[in-house]
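Enquirer: Attaching a predicted model along with its sequence, questions to come.
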Amino acid sequence: MARVKRGIIKLKKRRKLKSLTKGFRGARSRRIKTAQEALLHSLQYAFTDRRRKKRDARGLWIIRINAACRAVGLSYSRFISGLKKQGVVINRKMLAELAAANAPAFQGLIELAKNNSDTKSKESARPSPQKA
């Protein structure tokens, strides 16, 4: 049987690996085994962080909405609950954008949430603390 030499294929693999690990520090870009391991880790981190990016963005939107609500004396949870009970369907990204860029429109949404009868009845149903 004829001998198969894989030099060209192996060289292509190494070149591809080198190009993918370009910019890594030290042996992680120079040595084949170390570079291969670094590449596998980097691809895993990239996969995970694409999902984490979405999670972090949602957290930031919630923080911005909460800050805008607290400025007028309303908590985030009561605001969202009030909007849901009023039937307002708007995502957190748009709410955060309104809070930052269009204060009058956001103020209207706050009034909608505040005017919700369920929120008012819960607040008035609470007994006031009595001093002894």
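Expert: Thanks, I have it. Numbers count the residues shown, from 1 in each chain.

Enquirer: Show me how far the host helix or strand of Cys69 is from its chain's centre.
Expert: Using DSSP states H and E, Cys69 sits in helix 32-70. Relative to its chain's centre, helix 32-70 lies at 8 Å (C-alpha atoms, centre = their mean, to the nearest Å).

Enquirer: packing partners for it?
Expert: Applying 3 or more C-beta pairs under 8 Å, 6 or more residues apart in numbering; DSSP states H and E, one finds that helix 32-70 makes contact with helix 7-20, helix 27-30, helix 76-86, helix 92-101, helix 103-114. To be clear about C-beta, it is placed using only N, CA and C from the backbone, and glycine gets the same treatment.

Enquirer: Figure out which of the ones you listed is closest to Leu60.
Expert: With C-beta to C-beta as the measure, helix 92-101 is the member of those nearest Leu60 (7.4 Å).

Enquirer: Give me the mean pLDDT for the closest one.
Expert: Mean per-residue pLDDT for helix 92-101: 95.

Enquirer: Go through that helix and flag the buried ones.
Expert: 92, 95-99 (16 or more other C-beta atoms under 10 Å).

Enquirer: can you state the direction angle for that helix and helix 32-70?
Expert: 60 degrees (axes from the mean of the first three to the mean of the last three C-alpha atoms, to 10 degrees).

Enquirer: Can you pull out the residues in contact with helix 92-101?
Expert: Outside helix 92-101, the residues that touch it by C-beta atoms under 8 Å, 6 or more residues apart in numbering are 57-58, 60-62, 64-65, 67-68, 105-106, 109.

Enquirer: still on that earlier bit, dump the helices and strands packed on helix 32-70 to TSV, plus distance to Asp49.
Expert: As requested, the helices and strands packed on helix 32-70 are exported to TSV (distance: least, C-beta to C-beta, whole Å):
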stretch	distance to Asp49
helix 7-20	17
helix 27-30	18
helix 76-86	26
helix 92-101	19
helix 103-114	31
